[in-house]
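*Asks:* Fold the following and give me the result.
(one chain, ligands or ions: 2)
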Amino acid sequence: MNENEIIPQYDVTKQNYTPEEKILLGEIRNNLVDLAISAGETFQVNEDKLLNDIKNFIFNRLSTNNENISNKYIDKLSHKFLRDIIGYGEIDSLIQDDDLEEIMIIGINKPIFVYHRKYGMMKTNIQYNDKKELIDLIDSIARQINRRIDQESPILDGRLIDGSRINATIPPISADGPSLTIRKFKRDPMTIIDLITSKTISQELAAFFWLCFDGLGVKSANAIISGGTSSGKTTTLNALSAFINPKERIITIEDTLELQIPHEHVIRMETRPANVENKGELSMNDLVKNSLRQRPDRIIVGEVRADEAITLFTALNTGHSGFGTLHSNDARETITRLTNPPMSVPKIMIQAIDFIIMQNRIYTPSGISYRRISEVAEVVGIEEGTVQLNKIFQWNPERDMIENVSVASNTLQQLSELSGKSINDLYKEIENRKLVLNHMVKQNIRSIHDVSKVLELYYKDPQKVLKQIILGR
Ligand SMILES: Nc1ncnc2c1ncn2[C@@H]1O[C@H](COP(=O)(O)OP(=O)(O)OP(=O)(O)O)[C@@H](O)[C@H]1O
Ligand SMILES: [Mg+2]
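*Replies:* Ligands and ions are numbered 1, 2, ... in the order given. The predicted structure is shown next:
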């Protein structure tokens, strides 16, 4: 990294092939790839098979030349070839790097930018100089996802096979040439423990949510996670979903599959855009409506934007639980957006939300950003036509902590009434769950799989888990 640059540099080691390797790659392309691709109507390659074919090809070619070659060399070269063939060319190594949040191609003859999870915005040493080459890349991405981008529809919005979200535009929509933005899919998703460690949420708030989203089997709380673009709404939603009781039947509905819910009983639904003849669209609302016939306990809507809002709120008002994210800047605006077109949810229905969780992305002068839950508000009723909010948690910028700012939580009060447990008992339960979360933080139990295992054990036998933690086993 060059310290003197305003935007730090991200160096990509370019693929350097020897002249012989280049010839070999050309031969492989001619011989194997066409075969692999023509095997199906859409671009679908069996990677393992292709890798094997490449290995055999190299082995046969080089052994006929009587060259002395090691297996290790063949192995390494075949992997490099495979990435070159089915990967994403110049930007392939960027796509492989899980530390990158975003890859941004802003046009021709301009460096490709990346957003690094640790260093923020960075400038890479690679760029596209040839418009055709860049359009070819975008075209091949479009083909892979069975879509097209051309003068008639110059915007492409979709999801790569690895789960990353992409948006591409071509001139004249983008003036300086084609653009491509890739929001990388994190293979190893952030869990509630990561959110605690990175101070996005406190242990106290996490334990409180755990109790409320579980609802002790009598009333699991509903929540809308709100915030600006890329503030981490989906990540927080995903992490909080781990708290859902493993017995619940969950249906997730998204425009592009992003959620990674660890539960066994999940049905994942994804909307479908209209095809080239403008037919066959399945909207968010279609899927939310359909989910109601699937008898879910919990409906999770990736992003609430339009008429699906009313369907979702109808579900929440008829005994289902739900989560969703929404684009807005504060809790009040969340209500305003929900109750006005295009969502137009009647105010009376808004009361089904228990929590509005505000997620914020805060930028530092050095260009690095961090994410915080900045506010948690409860919807407590309607007075004179205005939805009443009760702020219970608020981020304190000086202490960089989210603090409890309310004496009473409506949701806890309700839970106490429905479960027959006193508020004090509920606070004790929150303390116990805090112990469990703290244990995971201390022991670095953080992967989605490990965290859900501990949560599951707790659901099964809380006393056993607490005893083990207290005894240090
Ligand atoms: N608490 C966090 N700490 C660090 N990185 C985070 C955090 N939350 C999210 N991220 C990263 O930020 C990026 C955007 O996150 P995410 O998709 O959750 O945001 P979003 O608000 O849902 O975005 P959009 O507005 O596009 O829906 C992802 O790469 C994610 O890994
Ligand atoms: Mg999102």
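*Asks:* So which bits of stretch 146-156 are buried?
*Replies:* 147, 149, 156 (16 or more other C-beta atoms under 10 Å). The way it works is simple: take the backbone N, C-alpha and C, and place the C-beta from them, glycine included.
*Asks:* End to end on that stretch, go ahead and measure it.
*Replies:* Its start and end residues considered, stretch 146-156 measures 11 Å (C-alpha to C-alpha, to the nearest Å).
*Asks:* Quick check: which element contains the closest residue to ligand 2 within the chain?
*Replies:* Proximity to ligand 2, evaluated over the chain using C-beta to the ion, is greatest for residue 234 at 3.3 Å. Per DSSP states H and E: residue 234 is located in helix 233-241.
*Asks:* which intervals of this protein have sub-threshold pLDDT?
*Replies:* 1-5, 33-45, 65-67, 473 (pLDDT under 70).
*Asks:* what does it put close to ligand 1?
*Replies:* 101, 186, 190, 195, 198, 200, 227, 229-235, 325, 371 (C-beta under 6 Å from any ligand atom).
*Asks:* Taking those, please make a PyMOL selection of just the buried ones.
*Replies:* One line in PyMOL is enough to select the buried members of the residues of the chain next to ligand 1, burial here meaning 16+ other C-beta under 10 Å:
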select buried, resi 101+186+190+195+200+227+231+232+233+234+235+325+371
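*Asks:* Report the separation between the two terminal residues of stretch 225-238.
*Replies:* 11 Å.
*Asks:* ok, now how distant is residue 345 from residue 414?
*Replies:* Distance from residue 345 to residue 414, counting by C-beta to C-beta, to the nearest Å: 21 Å.
*Asks:* try residue 177
*Replies:* 56 Å.
*Asks:* What of residue 404?
*Replies:* On the measure of C-beta to C-beta, residue 404 and residue 414 end up 18 Å apart.
*Asks:* These two: who's more crowded?
*Replies:* Ranked by neighbour count (other C-beta atoms under 10 Å), residue 404 and residue 414 place residue 414 first, with 17 against 14.
*Asks:* measure that one to residue 297 for me?
*Replies:* 18 Å.
*Asks:* that older thread, show me the residues of the chain next to ligand 1 that map onto strands.
*Replies:* In this view, the residues of the chain next to ligand 1 that belong to strands under DSSP state E are 101, 227, 325, 371.
*Asks:* mind putting these in a markdown table, distance to ligand 2 included?
*Replies:* Formatted as a markdown table, these follow (distance: C-beta to the ion, whole Å):
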| residue | distance to ligand 2 |
| --- | --- |
| 101 | 13 |
| 227 | 9 |
| 325 | 5 |
| 371 | 12 |
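*Asks:* Make a markdown table out of the residues you listed and add distance to residue 55.
*Replies:* Below are those laid out as a markdown table (distance: C-beta to C-beta, whole Å):
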| residue | distance to residue 55 |
| --- | --- |
| 101 | 34 |
| 227 | 47 |
| 325 | 44 |
| 371 | 43 |
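*Asks:* Show me which positions of the helix or strand where residue 349 lies end up buried.
*Replies:* Assigned by DSSP H and E, residue 349 belongs to helix 347-350. Using 16+ other C-beta under 10 Å as the test for burial, helix 347-350 gives 349, 350.
*Asks:* which helices and strands sit right next to whichever helix or strand comes after that helix?
*Replies:* Where DSSP H and E defines the elements, the next helix or strand beyond helix 347-350 is strand 355-363. Strand 355-363 is packed against strand 223-227, helix 233-241, helix 331-339, strand 369-383, with contacts defined by 3 or more C-beta pairs under 8 Å, 6 or more residues apart in numbering; DSSP states H and E.
*Asks:* In the stretch 301-450 of the chain, what residue comes closest to ligand 1?
*Replies:* residue 371 (3.7 Å; C-beta to the nearest ligand atom).
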